[in-house]
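A.B. asks: Structural data only, the sequence is not supplied:
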């Protein structure tokens, strides 16, 4: 059975240039015109994932008997030899294991992908680590008369220096180090994201939350975050952790509602090998994994009473015992819990332990609903829109009527529902303007009786004014609003301030002067 491995490149599935009035097939589709393969493994990096998906679709359209799989090599730099070698060799071992019982003959198409990827294919093939035949696909413009597009790469090992391959153990160790480096980089990004308590909004309710977060992050006291679904409870927990002295240590999230009752103790405290049926090896629990860091018990109100008793013991004694063991292990973990339940009502109904409640509620944070901070909606909408505009290189804006509907809606799903509504409208809007008709139907239907103009004046460009009950500092608000537009314009134009000025219809000299002198940018 012939099996093909190939990267999806920028010329797959079709060449980007138009030749004789039409697009020509890329290297992989050209190869499949001459040879058929029952299995094709398409390798890709995040930069070419769309090419890989389109290539898979084209192969499916041309052959109903060919099975394809996409392997995403999740590395930021597609020219990094070391990471490519480790990931590609690991994937090749997986493929060999999948077809171990079959008489498989492997082929590698080397014409798609970066030169570094082609080099790794050569090393894997010629070292004997992945015995295979290399296939070269010659572009149509370079073909000689009577020359076939596909040819095998003939290399004599006698003329080449001996190549030795690393053992699977060495490759696994190297891959572990690379994963560690990636996780450390992600942790550094998280620390940067939360280091300034960056939450969107200027409402009094949010300001109060930020003050509490700043105070709570300086100590190790237990924290109980209460609020409706979608109000940002996990965001608050992350902000506390990544601004605390534990910020370089693990932040472990536990969804208490998702753990089966029979596995609660094992998940939280770990187990020994053979402790119960299916315990084939020793396992560390979430508390051990969070050692010296923070454990976030999300939906703690949904835990069983038995599990609550065990959490209480950890809070009191700072120690755990794995299932199947008698050894007591000391823990150094900060506990942050969150719930959307009314725990006082649960206590009165016998569903939540009163002693645990007061142990967790050393610091009590109540996240406000979006209904209680409607003045933050315009800023949140701008943030979500800006993120999508930056990701997709667009400049979509909301009409005043659409924003007005968002301000009038009651938001039972809070910020999460707003985020989803903005994304839906962004995707479904036909042009650069997002209209109220692009919003979810529940918003349109529930806000159907908006005041209409009784004059002949066109109000489609009228400003939307929302003043909170407690009032606001207008100069500060306008300053921050204008600064947000400057920052977003610079982001959208990848740092090009002259282009950002044109985007906002401001003279470049004026834009640069304001950015520097007024906003310190």
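C.D. replies: That came in fine, so what should we check first? Bear in mind the structure is a predicted one, so any value in this text is a computation, not a measurement. Residues are numbered from 1 along each chain as shown.
A.B. asks: Check the gap between residue 474 and residue 88 for me.
C.D. replies: 59 Å (Cβ to Cβ, to the nearest Å). (Each C-beta comes from the backbone N, C-alpha and C, glycine too.)
A.B. asks: ditto for residue 440
C.D. replies: 43 Å.
A.B. asks: Those two: who's more crowded?
C.D. replies: Between residue 440 and residue 88, residue 88 has the larger neighbour count (other Cβ atoms under 10 Å), namely 21 against 15.
A.B. asks: Identify the residue spatially nearest to residue 249, adjacent ones excluded.
C.D. replies: residue 293 (3.4 Å; Cβ to Cβ, 6 or more residues apart in numbering).
A.B. asks: Lowest-scoring secondary structure element of this structure by mean pLDDT?
C.D. replies: One helix or strand of the chain scores below all others by mean pLDDT, DSSP states H and E: helix 168-194, with a mean of 60.
A.B. asks: Which elements pack onto the next helix or strand after it?
C.D. replies: Following helix 168-194 in sequence order, the next helix or strand is helix 204-216 (DSSP states H and E). Packing contacts for helix 204-216, counted by 3 or more Cβ pairs under 8 Å, 6 or more residues apart in numbering; DSSP states H and E, involve helix 233-242, strand 363-366.
A.B. asks: tell me the angle the next helix or strand after the first one makes with helix 233-242.
C.D. replies: What it means is helix 233-242. Moving toward the C-terminus from helix 233-242, the next helix or strand (DSSP H and E) is strand 251-255. Angle, strand 251-255 to helix 233-242, by axes from the mean of the first three to the mean of the last three Cα atoms, to 10 degrees: 150 degrees.
A.B. asks: buried sites along strand 251-255?
C.D. replies: Neighbour-count burial for strand 251-255 flags 251, 252, 253, 254 (criterion: 16 or more other Cβ atoms under 10 Å).
A.B. asks: give the contact list for residue 508.
C.D. replies: By Cβ atoms under 8 Å, 6 or more residues apart in numbering, the residues touching residue 508 are 497, 498, 501, 502.
A.B. asks: try it again with 10 Å
C.D. replies: 497, 498, 499, 500, 501, 502 (Cβ atoms under 10 Å, 6 or more residues apart in numbering).
A.B. asks: Output these in TSV, with secondary structure, distance to residue 73 and neighbour count appended to each entry.
C.D. replies: Supplementary listing: the contacts of residue 508 in TSV, determined by DSSP: H, G, I helix; E, B strand; the rest coil; distance: Cβ to Cβ, whole Å; neighbours: other Cβ atoms under 10 Å:
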residue	secondary structure	distance to residue 73	neighbour count
497	helix	36	17
498	helix	37	13
499	helix	33	14
500	helix	34	24
501	helix	39	22
502	helix	38	15
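A.B. asks: so which of the residues you listed comes closest to residue 511?
C.D. replies: The closest of the contacts of residue 508 to residue 511 turns out to be residue 501 (Cβ to Cβ; 3.5 Å).
A.B. asks: I'd say that closest one and residue 507 touch.
C.D. replies: Yes: counting by Cβ atoms under 10 Å, residue 501 does reach residue 507; the two are 6.6 Å apart.
A.B. asks: Kindly check the end-to-end length of stretch 290-301 for me.
C.D. replies: End-to-end distance of stretch 290-301 (Cα to Cα, to the nearest Å): 21 Å.
A.B. asks: List the buried residues in that stretch.
C.D. replies: Here stretch 290-301 shows 290, 291, 293, 294, 295, 296, 297, 298, 299, 300, 301 as buried, counting by 16+ other Cβ under 10 Å.
A.B. asks: again with stretch 228-241
C.D. replies: 228, 230, 231, 232, 233, 235, 236, 237, 238, 239, 240, 241.
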